[in-house]
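K.L.:
Sequence first, predicted coordinates after that:
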Amino acid sequence: MPSPRPARAAPPGYQATEQMVRDLHAADYERWFLATKGRFFDSRERGLFRSMVRAVRFQSVLEIGCGTGRITETVAPHVGSITALDFSVASVAILRAKGIGNVRVDCANICEGLPFAAGSFQLVLACQVLQHLMPRDLLTVVRECARVLEPGGQLAFTAYNLDHFRCTRAEETAENGLYSRRFSRASVRELAVNSGFALQELKYYKAIPSRLARRTRFAHAQLLLDRAMCALPGFAARLAGYLFAVLVRTS
């Protein structure tokens, strides 16, 4: 597997705040995720990445912003090897402790460049990561993803959906200092073009309100209903809270 450079300290500003929050809550993150997002959401999101890697057995995968490894452990059984990066030291330690055989975990700040040679990977994954990057850093990171992918390689990511009917703004900073942005189909396409990619696929998920999704007795029915709602032509983008995009490297 490729060997990353040692990570440098996080830069000042919004990323330093993000790193501090991630380190502080790493030990409780997975319990918090299930308590706030629910098992239905967790299953739906994991399933998107799992389905993708099952369709093509990628041999070399990079995951950026891996956190404690929720998606890492989901895709690991279906790929050759994964290199997982995160700038939260505490999160990286938790993922390493899981001892997943084909996963190498390293601490690195992706906004400082991806420490790998050009063309090192077939696939890059980012689950709810790009939405926390301000515009300049976002463009830098996605261009770096293109650089480390082999020709025809893919970047798959999930993010907040700007076209959701309850969405009122594209960017915001929460009370805890965490920055977030939302993406539309148009902004994903623009990002792709400006970064050496083409938009290959975009679909939506999480249309069922959280208060209803917590009723696990009907989990399978909820999954089928959510898939149906998020595939409705002309309505999916308005109903779903999140999007799943696949970009393919063109240059």
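P.N.:
All right, it came through fine. Computed from a predicted model, the values in this text were never measured in an experiment.
K.L.:
For residue 127, which non-adjacent residue is closest in space?
P.N.:
Closest residue in space to residue 127, ignoring its immediate chain neighbours: residue 71 at 4.5 Å, by C-beta to C-beta, 6 or more residues apart in numbering. Where C-beta positions appear, they are placed from N, C-alpha and C, glycine not excepted.
K.L.:
residues in contact with the biggest helix by length in the chain?
P.N.:
Longest helix in the chain by number of residues (criterion: DSSP state H): helix 39-55. Outside helix 39-55, the residues that touch it by C-beta atoms under 8 Å, 6 or more residues apart in numbering are 33-34, 61, 70-71, 74-75, 78-79, 123, 125, 127, 156, 158, 203, 205-206, 208, 210, 213-214, 216, 219, 222-223, 226, 242, 244, 246.
K.L.:
cool, stretch 143-152 as well?
P.N.:
With C-beta under 8 Å, 6+ apart, stretch 143-152 has contacts from 62, 64, 110, 113-114, 116-124, 126, 155, 195-197, 248-249, 251.
K.L.:
check which helix or strand covers the closest residue to residue 32 other than its chain neighbours.
P.N.:
Computed as C-beta to C-beta, 6+ apart, the closest residue to residue 32 that is not its neighbour in sequence is residue 25, at 6.7 Å. Secondary structure from DSSP states H and E places residue 25 in helix 14-25.
K.L.:
can you give me how far that helix is from the chain middle?
P.N.:
For helix 14-25, the separation from the chain centroid amounts to 17 Å (computed by C-alpha atoms, centre = their mean, to the nearest Å).
K.L.:
Would you mark the buried spots in it?
P.N.:
Across helix 14-25, burial judged by 16 or more other C-beta atoms under 10 Å covers 14-15, 17-19, 22-23.
K.L.:
What of stretch 139-159?
P.N.:
Buried residues in stretch 139-159, counted by 16+ other C-beta under 10 Å: 140-149, 153-159.
K.L.:
what does stretch 88-100 give?
P.N.:
Neighbour-count burial for stretch 88-100 flags 88, 90-92, 94-96, 100 (criterion: 16+ other C-beta under 10 Å).
K.L.:
do the same with stretch 123-136
P.N.:
For stretch 123-136, a neighbour-count test (16+ other C-beta under 10 Å) marks 123-133 as buried.
K.L.:
rewinding a little: please render the buried residues of helix 14-25 as a markdown table that adds pLDDT to the earlier fields.
P.N.:
Below are the buried residues of helix 14-25 laid out as a markdown table (pLDDT from 0 to 100):
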| residue | pLDDT |
| --- | --- |
| 14 | 89 |
| 15 | 90 |
| 17 | 90 |
| 18 | 91 |
| 19 | 92 |
| 22 | 94 |
| 23 | 95 |
